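Participant: Requesting a structural model of the entry that follows:
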Amino acid sequence: MSMISIIFWKKLKINRFFTFLFIFFVHFGFLCAQDTLLVTPLSVNKTILIDSSSFDSIKIKTPPNPKKSALYSLILPGSGQIYNGNWWKTPFVYAAIGGSIAYLQINQSRYKRFKTALELELAKKPHEFTGKINSAEALRNLRNKYDKNTQTSYIGVVVVYGIVAIEAFVDAHLQNFDISDDLSIKVKMPGLQFVYTF
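Facilitator: Next up is the predicted model:
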């Protein structure tokens, strides 16, 4: 093989190598450009045309309104939780309200029993607790105790009823809460803008 043919052959191999590299990098660059186009968010100036018929089968869930949730819960306990999509909380709501009402009725019933027994004891007549409690002072103390418990139970029913409404309100607010990774604080006032990023 002559020297000229050896040089020509080496140039041809070098040319093939550079041609291969050129095609590889062009192709790789094209693939990367496609990937970046998929990842890069759309700018505001671009217009997207979407066929509205494709949304017929899609149900978009809007977050619940906290005021409506609290109002529903005040009208009918547990309905605010159902409105928020947390139907499983309804049994707990009724257990809490039912328990506070049951406690109220127990105290009210005992108050009435001891009140009647005290009146009969003061009139020197037999009563439900004759032979067990024969002192008017003891009956008066028990009557006053259950009277106080009854009044506290009324407050308890109102508090539980209010807590149910507050829970529905807070739960609806938390569903609207921003849980993104952006922890920056942005304060905007006329003529002043402050941004602090963690």
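Participant: hey, let's count contacts and neighbours off CA atoms from now on
Facilitator: Fine.
Participant: Show me the shaky parts of this protein.
Facilitator: 1-60, 178-180, 182-184, 187-189, 193-198 (pLDDT under 70).
Participant: just the strands in it please.
Facilitator: 185-189, 192-196 (DSSP state E).
Participant: wait, what's in contact with residue 191?
Facilitator: Contact analysis of residue 191 by C-alpha atoms under 8 Å, 6 or more residues apart in numbering lists nothing.
Participant: what does residue 89 give?
Facilitator: Taking C-alpha under 8 Å, 6+ apart, one finds 78, 81-82 in contact with residue 89.
Participant: could the residues you listed be laid out in CSV, adding neighbour count?
Facilitator: As requested, the contacts of residue 89 are arranged in CSV below (neighbours: other C-alpha atoms under 10 Å):
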residue, neighbour count
78, 26
81, 25
82, 17
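Participant: From the contact counts, what lies against the longest helix along the chain?
Facilitator: Ranked by number of residues, the top helix in the chain under DSSP state H is helix 136-175. The helices and strands touching helix 136-175, judged by 3 or more C-alpha pairs under 8 Å, 6 or more residues apart in numbering; DSSP states H and E, are helix 66-75, helix 79-83, helix 90-122.
Participant: Give me the angle between the last one and helix 136-175.
Facilitator: Between the direction of helix 90-122 and that of helix 136-175, the angle (axes from the mean of the first three to the mean of the last three C-alpha atoms, to 10 degrees) works out to 170 degrees.
Participant: Would you mind splitting this structure into its domains for me?
Facilitator: 3-43, 66-175 (automatic domain parsing).
Participant: Of those, flag the one that's most buried.
Facilitator: domain 66-175 (a mean of 17; mean count of other C-alpha atoms under 10 Å).
Participant: what about that one, how long is it end to end?
Facilitator: 9 Å (C-alpha to C-alpha, to the nearest Å).
Participant: okay, the domains of the chain in a markdown table with distance to residue 192 next?
Facilitator: What follows is these, written out as a markdown table (distance: least, C-alpha to C-alpha, whole Å):
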| stretch | distance to residue 192 |
| --- | --- |
| domain 3-43 | 27 |
| domain 66-175 | 29 |
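Participant: on that earlier part again, ok, which of the helices and strands packed on helix 136-175 comes nearest residue 169?
Facilitator: helix 66-75 (4.7 Å; C-alpha to C-alpha).
Participant: Can you name the residues that contact residue 68?
Facilitator: Residue 68 touches residue 80, counting by C-alpha under 8 Å, 6+ apart.
Participant: Residue 92 versus that one, what's the distance?
Facilitator: Separation of residue 68 from residue 92 (C-alpha to C-alpha): 20 Å.
Participant: same question, residue 164
Facilitator: Relative to residue 92, residue 164 is positioned 10 Å away (C-alpha to C-alpha).
Participant: Over to residue 107?
Facilitator: 23 Å.
Participant: Kind regards, and thank you for your time.
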